[in-house]
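Q: kindly return the folded structure for what I paste below:
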Amino acid sequence: MTNRRKIRMGMVGGGQGAFIGAVHRIAARLDGQIELVCGAFSSDPDRSIASGRELYLPEDRCYADFETMMAAEKGLPEGERMDFVSIVTPNHVHFPAAKAALEAGFPVVSDKPATLDLAEAKELAALIEKTGLKYALTHNYTGYPMVKQARSMVRSGALGKIRKLVVEYPQGWLATPIEQEGQKQAAWRTDPKRSGAAGCMGDIGTHAENLAEFITGLQIEELAADLTRFVDGRPLDDDGSVLLRFKGGAKGLLFASQVSVGEENSLAIRVYGEKGGLEWHQMEPNTLLVHHLDQPTQVYRTANGYLGEEATAHARIPAGHPEGYLEAFANVYRNFAADLAGDLGLDVADPVAGDYPTISDGVRGMAFIKAVVESSSNNAAWTPLAEL
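A: Residues are numbered from 1 along each chain as shown. From the prediction side, this is the model:
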């Protein structure tokens, strides 16, 4: 008899007034494989329980804090308890919540960055290895079909040896000190105690770093960074430029900014090899530009038959229909759920199970942040990424 059921998810964070929690919930349920069964949605117990009620959860599955949730869920029968935890809090809670979940026997999906600092990331990696439990980090941009296509083309050698990479992520929403006006998202992202050692570079610079390494398969070896705090009184960087040296000899430039007036979420990447290049823009995600020597530029589009298997497996609707952020996010959850299903003894076959960012991406992200901050504080001196 086939063993099939939905995978049960608990959530830490993402309550009233939160942005990313709703995104995670939509992404998790998009394929009908995952259902939210419990949560500790806020550091404020009353708000946490009220948030759970708004999500139509049973009263006894709305918890005042994540410690109570882990203990209570662990005590439930296997047929009722949550199967994994989704962590969607400000950065400083990522590590303690993930640690509590893993120690209670629950796999984890976490928003990025993985932890508040590199030491925590290494400790978390050791705990994941010790428990053998699965962990996914929601670098959601890796879920786009055309990002998968770009990675496949680099892997196949279509571009030749990679020489140059340019990745950028400009936003404009922090061009003024809105954190001083009570804007919740701005307040914690500009607070070192909750965000970590970097502001802009920790929030969106890590997305650019991860995308660069994901598509090329190359690892950053050392970097030279110049971080700036343009808004008076802001304790963390709101803009930065980073020169990159990759293992194998490729060179790169990474630019991230949250004071680029007029920009929304303009993540973009250009990769150049000996034989060709490619270009992808997050705000036009269904298009991949491919460049060749002495040939016209080709325009690849999502869900067309000429794409590779990985891109095809991550496209959800016919060509020509807009497909974007939520679907890419859902691909991370779908692939994680398919991977987790085997551990749960469920009959869910998926050829892309396991294709999602893991704790190794999280550790590299924290090493990137550490090196960027150290380099900038030393007048943009070349700084190696910590040995991992």
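
Q: and the strands in the protein, which stretches?
A: Counting by DSSP state E, the chain has strands at residues 7-13, 34-40, 84-88, 108-110, 135-137, 162-170, 220-228, 239-246, 251-257, 268-273, 276-281, 287-292, 298-301, 383-384.

Q: out of those, which gets nearest to residue 212?
A: When the strands of the chain are compared by C-beta to C-beta, strand 162-170 sits nearest residue 212, at 4.7 Å. Quick note: C-beta positions are derived from backbone N, CA and C, even for glycine.

Q: hmm, back to that, can you check which of the strands of the chain gets nearest to residue 188?
A: Among those, strand 7-13 comes nearest to residue 188, with 11.0 Å by C-beta to C-beta.

Q: would you format the strands of the chain as a markdown table with mean neighbour count included?
A: Below are these laid out as a markdown table (neighbours: other C-beta atoms under 10 Å):
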| stretch | mean neighbour count |
| --- | --- |
| strand 7-13 | 25 |
| strand 34-40 | 24 |
| strand 84-88 | 26 |
| strand 108-110 | 27 |
| strand 135-137 | 26 |
| strand 162-170 | 21 |
| strand 220-228 | 20 |
| strand 239-246 | 21 |
| strand 251-257 | 22 |
| strand 268-273 | 21 |
| strand 276-281 | 20 |
| strand 287-292 | 18 |
| strand 298-301 | 15 |
| strand 383-384 | 16 |
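
Q: for residue 179, which of the ones you listed is the nearest?
A: Of the strands of the chain, nearest to residue 179 by C-beta to C-beta is strand 239-246, at 15.4 Å.

Q: what residues does that closest one touch?
A: With contact meaning C-beta atoms under 8 Å, 6 or more residues apart in numbering, strand 239-246 is reached by 162, 165, 200-201, 205, 212, 216, 218-230, 251-260, 372, 375-376, 382.

Q: one more time with 6 Å, if that's ok
A: 201, 218, 220-228, 230, 252, 254-257, 259 (C-beta atoms under 6 Å, 6 or more residues apart in numbering).

Q: now residue 355. Its backbone dihedrals?
A: phi -90, psi 80 (degrees, to the nearest 10).

Q: ok, and the closest non-adjacent residue to residue 180?
A: Of all residues not flanking residue 180 in the chain, residue 233 sits nearest, at 7.4 Å (C-beta to C-beta, 6 or more residues apart in numbering).

Q: of all the strands of the chain, which lies closest to residue 358?
A: strand 135-137 (6.0 Å).

Q: what's that closest one packed up against?
A: strand 108-110, helix 359-377 (3 or more C-beta pairs under 6 Å, 6 or more residues apart in numbering; DSSP states H and E).

Q: tell me the pLDDT of the residue nearest to residue 49 when sequence neighbours are not counted.
A: Nearest residue to residue 49 in three dimensions, chain neighbours excluded: residue 62, at 4.6 Å (C-beta to C-beta, 6+ apart). Residue 62 carries a pLDDT score of 97 in this model.

Q: follow-up on the earlier one: now distance to residue 180 and mean pLDDT too, for the helices and strands packed on strand 135-137, in TSV please.
A: Shown next, in TSV, are those (distance: least, C-beta to C-beta, whole Å; pLDDT from 0 to 100):
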stretch	distance to residue 180	mean pLDDT
strand 108-110	29	98
helix 359-377	23	98
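
Q: could I get those in TSV, plus columns for distance to residue 68?
A: Output for the helices and strands packed on strand 135-137, formatted as TSV (distance: least, C-beta to C-beta, whole Å):
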stretch	distance to residue 68
strand 108-110	17
helix 359-377	25
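
Q: of all the ones you listed, which lies closest to residue 126?
A: The nearest among the helices and strands packed on strand 135-137, by C-beta to C-beta, is helix 359-377 at 9.6 Å.

Q: contact partners of the closest one?
A: With contact meaning C-beta under 6 Å, 6+ apart, helix 359-377 is reached by 113-114, 118, 121, 125, 128, 135, 137, 197-198, 201-202, 206, 209-210, 223-227, 381, 383, 385-386, 388.

Q: and the angle for it with strand 220-228?
A: 50 degrees (axes from the mean of the first three to the mean of the last three C-alpha atoms, to 10 degrees).

Q: output helix 359-377 in PDB with nothing but the alpha carbons.
A: Only the C-alpha atoms of helix 359-377 are listed here, as PDB (Å, rounded to 0.1, in the frame of the first residue of the first chain):
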ATOM      1  CA  ILE A 359      24.300  24.400   5.500                       C
ATOM      2  CA  SER A 360      27.500  24.400   3.400                       C
ATOM      3  CA  ASP A 361      26.100  27.400   1.600                       C
ATOM      4  CA  GLY A 362      25.200  28.900   4.900                       C
ATOM      5  CA  VAL A 363      28.800  28.500   6.300                       C
ATOM      6  CA  ARG A 364      30.200  30.000   3.100                       C
ATOM      7  CA  GLY A 365      27.800  33.000   3.400                       C
ATOM      8  CA  MET A 366      28.900  33.700   6.900                       C
ATOM      9  CA  ALA A 367      32.600  33.400   5.900                       C
ATOM     10  CA  PHE A 368      31.900  35.900   3.100                       C
ATOM     11  CA  ILE A 369      30.300  38.400   5.500                       C
ATOM     12  CA  LYS A 370      33.200  38.000   8.000                       C
ATOM     13  CA  ALA A 371      35.800  38.600   5.200                       C
ATOM     14  CA  VAL A 372      33.900  41.500   3.800                       C
ATOM     15  CA  VAL A 373      33.700  43.300   7.100                       C
ATOM     16  CA  GLU A 374      37.400  42.600   7.900                       C
ATOM     17  CA  SER A 375      38.600  43.800   4.500                       C
ATOM     18  CA  SER A 376      36.600  47.000   4.600                       C
ATOM     19  CA  SER A 377      37.800  47.800   8.100                       C
END
